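[1] Pasting the sequence and the predicted coordinates here, then a few questions.
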Amino acid sequence: MLELLKNNYEIIIMLVGILLIVMGLILFITGRYSNNENHVEGFGIKMDVKNPSLILIVFGVFLLVAPMTLNKKEPSVESRPGNLTQKVEETPSPLKKTEVDETPKSRAQPKSVAPKPEIKEHGERRSTPVKAPFLGTYQLVSYIENGMTIPVNGQLAIGNLQNGSYPFSAKYQVVDEWGNVLIFMYEGYFVKRQGQWFLKVNRSNDPDWVDLGEVATRFIFDRSSNSLGLRYFYDADVASVWQKIR
């Protein structure tokens with residue numbers, strides 16, 4: 001109740017002022033028609049000097065006007081620019097700062113966890129190239145040149161993948177018509193591009209050898225028998241079959 005009176009004290013003062021004005025008007029009207037001789041006439045209006053109606057009316061008008069003048073002269077705290085309530089609302093609370101500061105720390109914790117060794121192991125296994133089944137050493141089984149079978153002994157060795165190709169070295173032993181054993185050495189590589197195999201001879205001790213570059217080759221490896229079939233055209237149509245020995 002006291003808080004209500006404090007908040008509405010201006011209205012109460014105005015109501016008291018209105019009440020005093022009404023009482024003063026009532027006393028003024030009743031005193032005007034009385035036979036009292038204590039009258040003062042001014043501007044055609046007779047007023048009783050002893051009648052308190054004039055005082056009540058003046059005091060009531062003062063009470064009615066005073067709260068309105070005070071409201072105009074003293075603006076409320078809420079209407080003042082840059083008031084304290086706005087500053088308090090705009091000032092960031094320490095709780096928000098702690099929340100902002102703690103959030104990166106909580107997010108940064110998973111970064112400090114050491115990576116699992118299993119991931120590295122899987123990565124190393126994937127990076128290890130798969131060994132081709134045709135790598136190894138072969139013994140020549142048959143050698144056909146331009147449709148004719150030639151009695152030739154030979155060995156072939158195919159190495160691991162190097163720079164996208166498989167190096168090889170081949171050795172042939174041929175007996176000429178005078179019974180002399182001739183040995184010819186060839187070194188080069190096999191390479192597969194877009195599903196097609198190619199053969200390239202880099203060097204040889206054959207006096208008739210000519211570097212023809214990469215030659216298209218039929219490269220067929222049979223896992224069931226560990227045999228390798230080669231066919232290419234290198235100054236002649238050559239078809240050979242090799243048996244893997246190790």
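    Here it is on my side, so go on.

[2] what comes up buried for stretch 226-239?
    For stretch 226-239, the neighbour count (16 or more other CB atoms under 10 Å) marks N226, S227, L228, L230, Y232, V238, A239 as buried. (Each C-beta comes from the backbone N, C-alpha and C, glycine too.)

[3] Among these, which lie within strands?
    In strands, defined here by DSSP state E, the members of the buried residues of stretch 226-239 are S227, L228, L230, Y232, V238, A239.

[4] Format those residues as a markdown table; extra columns: distance to N202 and pLDDT.
    Shown next, in a markdown table, are those (distance: CB to CB, whole Å; pLDDT from 0 to 100):
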| residue | distance to N202 | pLDDT |
| --- | --- | --- |
| S227 | 26 | 94 |
| L228 | 20 | 94 |
| L230 | 17 | 94 |
| Y232 | 15 | 93 |
| V238 | 18 | 92 |
| A239 | 22 | 94 |
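
[5] List just the nearest of these to D208.
    Using CB to CB, V238 comes nearest to D208 of those, at 13.7 Å.

[6] And the closest one, how far from D206?
    From V238 across to D206, the span is 13 Å (CB to CB, to the nearest Å).

[7] Check L199 too.
    The spacing between L199 and D206, counted by CB to CB, is 15 Å.

[8] Neighbour count for these two, which is higher?
    Comparing L199 with D206 by neighbour count (other CB atoms under 10 Å), the higher total belongs to L199, at 22 against 14.

[9] Relative to M68, how far out is the more buried one?
    Taking CB to CB, one finds L199 at 112 Å from M68.

[10] For the longest helix along the chain, buried residues please.
    In the chain, taking DSSP state H as the definition, the longest helix is helix 9-32. Neighbour counts over helix 9-32 (16+ other CB under 10 Å) mark I13, M14, G17, L20, I21, G24, L27, F28, G31 as buried.

[11] nearest spatial neighbour of G164, skipping sequence neighbours?
    The shortest distance from G164 to any residue other than its chain neighbours is 6.4 Å, reached at V191 (CB to CB, 6 or more residues apart in numbering).

[12] And for D235?
    Excluding the flanking residues, the one nearest D235 by CB to CB, 6+ apart is V210, at 7.0 Å.

[13] Also L135?
    With CB to CB, 6+ apart as the criterion, L135 has its nearest non-adjacent residue at 5.4 Å, and that residue is I158.

[14] Where does the record place the domain boundaries for the protein?
    For the chain, the structural domains run 1-113, 136-244, going by automatic domain parsing.

[15] weakest of those in terms of mean pLDDT?
    Lowest mean pLDDT of those: domain 1-113, a mean of 60.

[16] Just give the number of residues close to the residue nearest to L135.
    Neighbourhood size, I158 [other CB under 10 Å]: 21.

[17] Check the one 10 residues further on too.
    Applying other CB under 10 Å, we find 18 other residues in the vicinity of F168.
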